[in-house]
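A.B. asks: Show me the folded form of this:
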Amino acid sequence: MTQAKDFTLAELLIVACAEAFRGDGERLVTGIGPIPRIAAGLAKLTFEPGICMTDGEAFLVEEPVPIGPRGDYKPKFSGWMPYHRVFDSVWSGRRHAMVTPVQVDRWAQANISALGPDFGKPKVQMLGVRGFPGNSISHRNSMFLPKHSTRAFVEGEVDVVASVGYKPENWPEGTSPDVVDIGRIVTDLCVLDFGGPDHAARLLSLHPGVSFDEVQANTGFPLLQADGLGETPAPTDEQLEIIRRLDPHDIRATVIKGNPAGRREAA
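C.D. replies: Numbering: from 1, shown residues only. Below is the predicted model:
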């Protein structure tokens, strides 16, 4: 396949997010937010045809549904996926979600609930923990954070532990954080995971024009460099054609603006 010469940062991130689903096989995949949603569709249409996707409501689809206004497009249903079947997939570990937390800490704990030191009087009230606690111990979670900064990758613990991680002190006696399954974390600067010694965070790739020092300066905890750390692969022309088909209204540009070698800006 031919590597594209002209692509946006959003398109680079979609390709990077799609790689998080490589090897999933027959697993229910849920991309939360436009970039992860397009990425899941890209993965299914290229290297992981066996992953299961829904129309966002109650039906399975073999052809990922484009995001935004559909016009004359009709989803091509292939099966029924009511909520109880979704939970069956969640609890049995046959799901891989790419979530979009506001905060992540050195233990891979994530927060979507509230910001501020006083949970009773938060500075910012967000979604609440919702399904994060149960989801995070039942199946794999990857993450997408559109703005890599020390406000997102915090020093110390997240303000509210909405999604469990590898911090031993937060696990009851007789249990182990090793059951946690954190996949890849994709940001506007890099791709990382928590696959270092004792689940330390490590950089897997840097986006074009980004240095390790820049990423570390925007992260509130120490980072390791994975063996073979290099540049995040650029999209191919074939991948760009699929991305544009899945996002015909260019909603991706409203989430991430800029190009890989220029100014990175989360919308």
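
A.B. asks: Run through the stretch 1-150 of the chain and note the low-pLDDT ranges.
C.D. replies: Residues of the stretch 1-150 of the chain that meet the criterion pLDDT under 70 lie in 1.

A.B. asks: Helices of that one, start to end?
C.D. replies: 9-19, 34-46, 83-91, 132-136 (DSSP state H, counting those that start in this stretch).

A.B. asks: what's the third one in contact with?
C.D. replies: If I follow you right, that is helix 83-91. Residues lying outside helix 83-91 but in contact with it, judged by Cβ atoms under 8 Å, 6 or more residues apart in numbering, are 27-28, 52, 54, 58, 95, 134-135, 138-139. For the C-beta atoms, the positions are set from N, CA and C on the backbone; glycine is no exception.

A.B. asks: Could you tell me which of the residues you listed belong to strands?
C.D. replies: 28, 54, 95 (DSSP state E).

A.B. asks: Distance of the closest residue in space to Ser205 that isn't next to it in sequence relative to Asp178?
C.D. replies: Excluding the flanking residues, the one nearest Ser205 by Cβ to Cβ, 6 or more residues apart in numbering is Thr232, at 4.2 Å. Applying Cβ to Cβ, to the nearest Å, the value for Thr232 to Asp178 is 29 Å.

A.B. asks: Who has more neighbours out of these two?
C.D. replies: Neighbour comparison, Thr232 and Asp178: the larger count goes to Thr232, with 20 against 9 (by other Cβ atoms under 10 Å).

A.B. asks: was I right about that one contacting Leu206?
C.D. replies: Yes: if you go by Cβ atoms under 8 Å, Thr232 and Leu206 touch, sitting 6.6 Å apart.

A.B. asks: any shared contact partners between these two?
C.D. replies: Common neighbours of Thr232 and Leu206 (Cβ under 8 Å, 6+ apart) are Cys190.

A.B. asks: Dump the helices of the stretch 1-150 of the chain into JSON lines; add mean neighbour count and distance to Gly116 as well.
C.D. replies: Output for the helices of the stretch 1-150 of the chain, formatted as JSON lines (neighbours: other Cβ atoms under 10 Å; distance: least, Cβ to Cβ, whole Å):
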{"stretch": "helix 9-19", "mean neighbour count": "26", "distance to Gly116": "29"}
{"stretch": "helix 34-46", "mean neighbour count": "25", "distance to Gly116": "27"}
{"stretch": "helix 83-91", "mean neighbour count": "14", "distance to Gly116": "30"}
{"stretch": "helix 132-136", "mean neighbour count": "19", "distance to Gly116": "18"}
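
A.B. asks: Pipe those into a markdown table and attach distance to Leu224 per row.
C.D. replies: Formatted as a markdown table, the helices of the stretch 1-150 of the chain follow (distance: least, Cβ to Cβ, whole Å):
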| stretch | distance to Leu224 |
| --- | --- |
| helix 9-19 | 19 |
| helix 34-46 | 25 |
| helix 83-91 | 31 |
| helix 132-136 | 23 |
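
A.B. asks: Which of those sits closest to Val186?
C.D. replies: For the helices of the stretch 1-150 of the chain, the distance to Val186 is smallest for helix 9-19, at 4.8 Å, taking Cβ to Cβ.

A.B. asks: other SSEs contacting the closest one?
C.D. replies: For helix 9-19, the contact count by 3 or more Cβ pairs under 8 Å, 6 or more residues apart in numbering; DSSP states H and E identifies helix 34-46, strand 140-145, strand 182-187, helix 237-246, helix 252-255, strand 256-257 as packing neighbours.

A.B. asks: will you turn the contacts of helix 83-91 into JSON lines that also has distance to Asn259?
C.D. replies: Shown next, in JSON lines, are the contacts of helix 83-91 (distance: Cβ to Cβ, whole Å):
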{"residue": "Arg27", "distance to Asn259": "33"}
{"residue": "Leu28", "distance to Asn259": "33"}
{"residue": "Cys52", "distance to Asn259": "34"}
{"residue": "Thr54", "distance to Asn259": "32"}
{"residue": "Ala58", "distance to Asn259": "38"}
{"residue": "Arg95", "distance to Asn259": "34"}
{"residue": "Gly134", "distance to Asn259": "39"}
{"residue": "Asn135", "distance to Asn259": "34"}
{"residue": "Ser138", "distance to Asn259": "38"}
{"residue": "His139", "distance to Asn259": "34"}
